[in-house]
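Undergrad: The sequence isn't on hand, but the structure is:
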């Protein structure tokens with residue numbers, strides 16, 4: 001029998017629950033996708049122009065490992081303006097290849113073999129996988145729809161053991177659209193302080209909130225010193241393909257991320273960094289315009305899902321609805337599979353997002369209003385057969 005050359009920790013990873021369905025979608029015609037978490041808007045014109053101009057001016061070489069200083073400074077200024085938390089652009093900010101790399105850097109830099117990371121679920125599919133790849137142990141704390149999928153501090157504290165290194169939170173949340181309350185985040189901050197834990201906070205959707213305020217975790221009293229903040233440009237600025245994000249943390253922590261970053265990718269793409277600088281400087285009005293359109297779609301899809309018997313709470317952030325599919329009599333995998341095959345509507349099974357997502361599906365409303373209307377009509381037909 002030939003030797004198995006794939007590392008055990010890689011071989012044991014589950015395939016992405018998102019990609020599984022989109023490999024099928026790619027082979028089908030007339031599918032309405034409510035699955036992929038990607039804005040359907042084109043990157044705003046000033047940002048595009050900045051990228052084109054950068055190419056014309058020959059900006060095609062490496063930048064410093066941590067990224068163009070002007071961009072790091074702009075990110076620092078933005079975080080101070082929005083959340084009153086200040087990072088030194090020289091030592092406390094690194095520009096990354098999307099938030100995906102920032103996530104990888106954060107976990108690889110802080111986890112020793114066997115250390116545990118507490119993760120409230122449902123959560124983005126990469127969190128548990130990246131913990132495992134870094135040699136750690138993901139400890140899931142399932143959320144509840146009845147609680148608006150808020151992180152529950154008492155359950156988080158109950159999950160702490162002597163091996164716990166950090167709490168990982170992602171709000172506004174993918175896949176539920178929940179926005180963590182100040183009260184719950186303050187309670188988590190006290191837990192982190194008491195047990196001397198790090199907090200890694202993925203805040204990629206921070207500009208896409210509705211009717212509520214997003215709280216930057218590092219802005220809470222005493223939390224900057226023990227928080228790694230992850231952010232980026234893909235979602236709010238419709239820049240997924242540009243692949244540019246960032247991590248911000250105290251210098252003694254960030255140096256660990258930069259050390260891995262310089263050996264792994266050298267630097268984020270130069271053209272993308274210059275486009276991201278234009279996004280910070282000129283993109284606010286475009287973000288607000290897109291946010292308002294998402295809000296209109298949010299109200300449509302939540303109303304429609306509830307009307308056809310798929311109980312859904314009103315999300316307060318990001319661009320996802322997370323309906324409970326119990327009324328169909330199907331589990332989430334079967335629901336998504338049959339809905340795709342029978343009505344050509346693509347959604348993602350909630351179980352792909354951790355144990356807290358079982359019995360739900362994720363529907364992205366980052367698609368055109370008319371397409372959402374058509375998808376709801378097809379889903380109504382599907383539910384009439386199931387029920």
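TA: Noted; the coordinates are in hand. Bear in mind the structure is a predicted one, so any value in this text is a computation, not a measurement.
Undergrad: Show me where the chain has its helices.
TA: 8-11, 17-25, 45-56, 69-83, 98-110, 126-133, 153-158, 182-194, 251-264, 270-282, 284-307, 332-343, 369-386 (DSSP state H).
Undergrad: Now mean pLDDT and mean neighbour count too, for these, in CSV please.
TA: All C-beta atoms are positioned from the backbone trio N, CA, C, and that covers glycine. Below are the helices of the chain laid out as CSV (pLDDT from 0 to 100; neighbours: other CB atoms under 10 Å):
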stretch, mean pLDDT, mean neighbour count
helix 8-11, 82, 10
helix 17-25, 66, 16
helix 45-56, 96, 16
helix 69-83, 97, 18
helix 98-110, 97, 24
helix 126-133, 94, 21
helix 153-158, 96, 16
helix 182-194, 97, 18
helix 251-264, 96, 17
helix 270-282, 97, 22
helix 284-307, 97, 17
helix 332-343, 92, 19
helix 369-386, 93, 16
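Undergrad: Quick one: closest of the ones you listed to residue 170.
TA: Of all those, it is helix 126-133 that lies closest to residue 170, at 7.0 Å by CB to CB.
Undergrad: And that closest one, how far out from the chain middle?
TA: 13 Å (CA atoms, centre = their mean, to the nearest Å).
Undergrad: repeat for stretch 263-278
TA: 20 Å.
Undergrad: cool, stretch 216-226 as well?
TA: Per CA atoms, centre = their mean, the centroid offset for stretch 216-226 relative to its chain is 20 Å.
Undergrad: just stretch 213-221 next, same as before
TA: For stretch 213-221, the distance to the chain centre is 17 Å (CA atoms, centre = their mean).
Undergrad: on that earlier part again, any chance of the helices of the chain in a markdown table, with distance to residue 237 too?
TA: Shown next, in a markdown table, are the helices of the chain (distance: least, CB to CB, whole Å):
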| stretch | distance to residue 237 |
| --- | --- |
| helix 8-11 | 32 |
| helix 17-25 | 22 |
| helix 45-56 | 6 |
| helix 69-83 | 12 |
| helix 98-110 | 12 |
| helix 126-133 | 20 |
| helix 153-158 | 31 |
| helix 182-194 | 25 |
| helix 251-264 | 22 |
| helix 270-282 | 5 |
| helix 284-307 | 6 |
| helix 332-343 | 29 |
| helix 369-386 | 21 |
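Undergrad: Which among those helices is found nearest to residue 313?
TA: Using CB to CB, these put helix 284-307 closest to residue 313, at 8.1 Å.
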